[in-house]
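Visitor: Coordinates only, no sequence provided:
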């Protein structure tokens, strides 16, 4: 598996293998992603990966042509 450099919202960076669960990657980096249902239906764990919204509880770190991904926490006014 290839590794991807992830740039987190707090300015830190970590390298993780592609296919790693987003929640595990965040935990390894010391970044807290809010969770709710852990099944993908509530949206509490939404993050933006290179501008694309994904639900961290059901998604994995994808490969990246550039070798890096930028993550931002999505904000939901209803949570």
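Guide: That came in fine, so what should we check first? It should be emphasised that the depicted structure is a prediction, and the values quoted were computed from it without experimental measurement.
Visitor: Does residue 2 touch residue 17 like I think?
Guide: Yes - at 7.1 Å, residue 2 and residue 17 qualify as touching, with contact defined as C-beta atoms under 8 Å. From N, CA and C alone the C-beta is placed, and that goes for glycine too.
Visitor: neighbour count winner among these two?
Guide: Relative neighbour count places residue 17 above the other of residue 2 and residue 17, with 12 against 9, counting by other C-beta atoms under 10 Å.
Visitor: who touches that one in this structure?
Guide: Residues near residue 17 by C-beta atoms under 8 Å, 6 or more residues apart in numbering: 1-4, 61.
Visitor: What's opposite residue 6 in the beta bridge?
Guide: Beta-bridge pairing of residue 6 under DSSP bridges involves residue 14, residue 69.
Visitor: Skip the chain neighbours and tell me the closest residue to the residue nearest in space to the middle of the chain.
Guide: Centroid check for the chain by C-alpha atoms, centre = their mean gives residue 22 as the closest residue, at 4.4 Å. Excluding its sequence neighbours, the residue lying closest to residue 22 (C-beta to C-beta, 6 or more residues apart in numbering) is residue 56, at 3.7 Å.
Visitor: and that neighbour, how many neighbours?
Guide: Burial measure for residue 56: 25 neighbouring residues, criterion other C-beta under 10 Å.
Visitor: measure it to residue 67 for me?
Guide: Distance of residue 56 to residue 67, given as C-beta to C-beta, to the nearest Å: 21 Å.
Visitor: Which parts of this structure are strands?
Guide: 3-7, 13-17, 46-49, 52-55, 68-73 (DSSP state E).
Visitor: can you list those in TSV and add mean pLDDT?
Guide: Shown next, in TSV, are the strands of the chain (pLDDT from 0 to 100):
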stretch	mean pLDDT
strand 3-7	97
strand 13-17	97
strand 46-49	96
strand 52-55	95
strand 68-73	95
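Visitor: Of all the ones you listed, which one is nearest residue 34?
Guide: Nearest to residue 34, of all the strands of the chain, is strand 68-73, at 7.9 Å by C-beta to C-beta.
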